[in-house]
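[1] just to be clear, the model below is a prediction. Sequence and coordinates:
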Amino acid sequence: MLYEQPNYAGCQYFLRRGDYPDYQQWMGLSDSVRSCRLIPHTGSHRIRIYEREDYRGQMVEITEDCSSLHDRFHFSEIHSFHVLEGCWILYELPNYRGRQYLLRPGDYRRYYDWGATSARVGSLRRAMDYY
């Protein structure tokens, strides 16, 4: 996980193991990355997504990456999450694009609980082997 500001603040980027010769390859806004942190997890992953806040509405449990929540579940907004196992990376847009949010095990009753400015969710993937 890379951050653009010291002390793990600012824009964050989640990268899989590999070479990144320039910041554009990880969709960075600038080349001013100043810190890096490992998020290790190799166990199982489970997350429940809800179409309404406070765990209301339709619920789906996911254990694998999903490149398009709209195509798979017909959701374009997710208002609450319950992360049961593992860490997940939430993306605003389909195909793992746009703003990224790290969801650790726990409860997220409203979109601002995970730091978002809206409930727009396009894709999510398990945080495994990220730097």
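    Noted; the coordinates are in hand.

[2] next, the contact list for the nearest residue to residue 92 once chain neighbours are set aside, please.
    Computed as Cβ to Cβ, 6 or more residues apart in numbering, the closest residue to residue 92 that is not its neighbour in sequence is residue 98, at 3.4 Å. To be clear about C-beta, it is placed using only N, CA and C from the backbone, and glycine gets the same treatment. When contacts are counted by Cβ atoms under 8 Å, 6 or more residues apart in numbering, residue 98 is found next to 91, 92, 122.

[3] out of those residues, which one sits closest to residue 74?
    residue 122 (12.9 Å; Cβ to Cβ).

[4] output the below-cut-off pLDDT ranges for this protein.
    1-42, 129-131 (pLDDT under 70).

[5] any chance you could map the helices in it?
    69-73 (DSSP state H).

[6] could you list the domains of this structure?
    The chain breaks down into these domains under automatic domain parsing: 2-36, 46-126.

[7] which stretches of this structure form strands?
    2-5, 9-13, 35-36, 46-52, 56-62, 80-85, 88-93, 97-103, 106-108, 123-126 (DSSP state E).

[8] turn the ones you listed into a markdown table, including distance to residue 115.
    A markdown table is the format used below for the strands of the chain (distance: least, Cβ to Cβ, whole Å):
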| stretch | distance to residue 115 |
| --- | --- |
| strand 2-5 | 13 |
| strand 9-13 | 10 |
| strand 35-36 | 18 |
| strand 46-52 | 16 |
| strand 56-62 | 20 |
| strand 80-85 | 12 |
| strand 88-93 | 10 |
| strand 97-103 | 6 |
| strand 106-108 | 10 |
| strand 123-126 | 15 |
